[in-house]
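Q: take this sequence and fold it.
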Amino acid sequence: MEEPIKKARLYALSTCPVCKEVKSFLDDHNIKYEAVDVDLLDSGEQWVTSKELKRYNPSASYPTLVIEEVIKGFDEEAIKRALGINNP
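A: Model prediction:
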């Protein structure tokens, strides 16, 4: 039986270079994820999304990747472990 694909959600800022690195990494590994560029949301959505983000990451830093665990910043090894990506 095939293992179900883990759902990933990335809280990011559209102008953040590290956020772009995480997006590129996920894209390069064909990982499906939902990207939320918080700075592009209207003010009401930003407020709601920021409260949601703080539940996972109290410092509300970007990028924050939520899979089954919370990964702050671009920690390639932690992302690979969480997604079950093996090194070649």
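Q: so, low pLDDT: which residues of this structure?
A: 1-6, 87-88 (pLDDT under 70).
Q: try 80 this time
A: Low-confidence segments of the chain (pLDDT under 80): 1-6, 68, 86-88.
Q: so where do the strands sit in it?
A: In the chain, the segments counted as strands under DSSP state E are 8-12, 33-37, 64-66, 70-72.
Q: looking at these, which is buried most?
A: Mean neighbours per residue, mean count of other Cβ atoms under 10 Å, is largest over those for strand 64-66, with a mean of 24. Glycine gets a C-beta too; all of them are placed from N, C-alpha and C.
Q: residues making contact with it?
A: Outside strand 64-66, the residues that touch it by Cβ atoms under 8 Å, 6 or more residues apart in numbering are 8-11, 22, 33, 53, 56-57, 70-72, 79.
Q: kindly recompute the last result at 7 Å.
A: Contact with strand 64-66 is made by Ala8, Arg9, Leu10, Tyr11, Val22, Leu53, Tyr56, Asn57, Val70, Ile71, Lys72, Ile79, as judged by Cβ atoms under 7 Å, 6 or more residues apart in numbering.
Q: circling back to that earlier point, adding distance to Asp27, write the strands of the chain out as TSV.
A: Output for the strands of the chain, formatted as TSV (distance: least, Cβ to Cβ, whole Å):
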stretch	distance to Asp27
strand 8-12	11
strand 33-37	9
strand 64-66	13
strand 70-72	16
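Q: closest to Thr49 out of those strands?
A: Closest of these to Thr49 is strand 33-37, at 6.1 Å (criterion: Cβ to Cβ).
Q: the closest one - contacts with which helices or strands?
A: For strand 33-37, the elements it packs on are strand 8-12, judged by 3 or more Cβ pairs under 7 Å, 6 or more residues apart in numbering; DSSP states H and E.
Q: so the strand it packs on versus strand 33-37, what angle?
A: Calculated by axes from the mean of the first three to the mean of the last three Cα atoms, to 10 degrees, strand 8-12 forms an angle of 20 degrees with strand 33-37.
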